[in-house]
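> Predicted model follows, preceded by the sequence.
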Amino acid sequence: MKALTIEHLNKTYRSGLEALNDINLTVDEGDFFALLGPNGAGKSTTISILTSLVTKTSGSVTIFDADLDNQTELAKSYIGLVPQEFNFNGFEQVKHILVTQAGYYGVPAKEAEPRADVLLKQLGLWEKRHTASRSLSGGMKRRLMIARALVHNPRLLILDEPTAGVDIELRRSMWVFLREINQRGTTIILTTHYLEEAENLCRNIAIIDKGRIVENTDMKSLLNRL
Ligand code: ADP
Ligand code: ADP
């Protein structure tokens with residue numbers, strides 16, 4: 001099954017800027033997929049359309065069996081998003097953040113608590129479960145963002161520049177978590193401007209530049225050509 005099918009996707013912002021120009025992409029279920037490109041290429045715009053934060057100008061997007069236009073809520077329920085920016089209420093406790101988020105997705109409280117506990121243990125945040133999120137280290141904040149995105153058990157995890165501004169040690173430790181999540185069966189799409197990140201994690205890759213896909217291939221063939 002395809003996790004994602006994008007056909008003839010265009011986005012022109014109200015300013016007149018053509019951010020996406022006829023994007024066509026598919027991502028298989030189970031894949032670890034990179035959308036690689038320089039700043040301003042259109043990566044965030046693409047992701048924001050998938051998560052319904054930005055409206056597309058034209059084209060179609062299908063997430064698993066859900067058409068984004070006609071089955072928006074179903075499509076949204078399939079996706080967990082890790083945004084670029086840490087956007088928590090810093091005074092809220094770590095576990096509470098996860099349980100609250102589960103509530104937004106309609107996960108019953110009885111299921112939300114154990115689900116939060118599993119994620120806290122998986123992501124090495126168990127000891128911090130009663131800590132206010134603003135007191136976490138940078139790495140822990142990133143992991144909390146991943147845990148929050150996973151709390152409703154999404155089939156597709158989307159990360160927008162997950163390791164931008166992160167030191168190499170933390171970046172590598174995040175790669176380990178992301179590989180584990182993918183191995184447990186979650187499809188992952190990440191945007192990055194580091195080829196090294198895509199190379200280390202991803203099976204398939206699309207390169208975007210000035211709103212157009214300029215490459216769409218598997219990682220091995222790309223590296224053989226470089
Ligand atoms: P839409 O067409 O999706 O409604 P708009 O063109 O109205 O989007 O822009 C949404 C907001 O983003 C506006 O407040 C706009 O000022 C702001 N914005 C404009 N240019 C940029 C940019 N280059 N990067 C980020 N935000 C921008
Ligand atoms: P990336 O994530 O690859 O850095 P973006 O999708 O953020 O690229 O931006 C693609 C292009 O669209 C850039 O030229 C950016 O300035 C522009 N852009 C992004 N958001 C807006 C907006 N809200 N309004 C107008 N232009 C925008």
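Received the coordinates, thanks. Ligands and ions are numbered 1, 2, ... in the order given.

> and the longest helix along the chain, what other elements does it pack with?
Longest helix of the chain, by residue count under DSSP state H: helix 168-183. Applying 3 or more Cβ pairs under 8 Å, 6 or more residues apart in numbering; DSSP states H and E, we find helix 168-183 packed against strand 32-36, helix 138-150, strand 187-192, helix 195-201. Where C-beta positions appear, they are placed from N, C-alpha and C, glycine not excepted.

> Now do the helix or strand that comes right after the second one: which elements does it pack against?
Think helix 138-150. Using DSSP states H and E, the helix or strand that follows helix 138-150 towards the C-terminus is strand 156-160. Contact here means 3+ Cβ pairs under 8 Å, 6+ apart; on that basis strand 156-160 packs against helix 43-50, strand 79-82, helix 138-150, strand 187-192.

> if we can go back for a sec, JSON lines please, covering the helices and strands packed on helix 168-183 and showing mean neighbour count.
Output for those, formatted as JSON lines (neighbours: other Cβ atoms under 10 Å):
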{"stretch": "strand 32-36", "mean neighbour count": "25"}
{"stretch": "helix 138-150", "mean neighbour count": "21"}
{"stretch": "strand 187-192", "mean neighbour count": "25"}
{"stretch": "helix 195-201", "mean neighbour count": "18"}
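
> Now render the ones you listed as CSV, adding distance to ligand 1 and mean pLDDT.
CSV is the format used below for these (distance: least, Cβ to the nearest ligand atom, whole Å; pLDDT from 0 to 100):
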stretch, distance to ligand 1, mean pLDDT
strand 32-36, 18, 97
helix 138-150, 21, 93
strand 187-192, 15, 97
helix 195-201, 23, 92
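
> if we can go back for a sec, can you tell which of the helices and strands packed on strand 156-160 is closest to K110?
helix 138-150 (18.2 Å; Cβ to Cβ).

> what sits up against the closest one?
Outside of helix 138-150, the residues within contact range by Cβ atoms under 8 Å, 6 or more residues apart in numbering are 80-83, 86, 88, 94, 97-98, 101, 116, 119-120, 122-125, 128, 133, 136, 157-159, 162-163, 166, 170, 173-174, 177-178, 181, 186.
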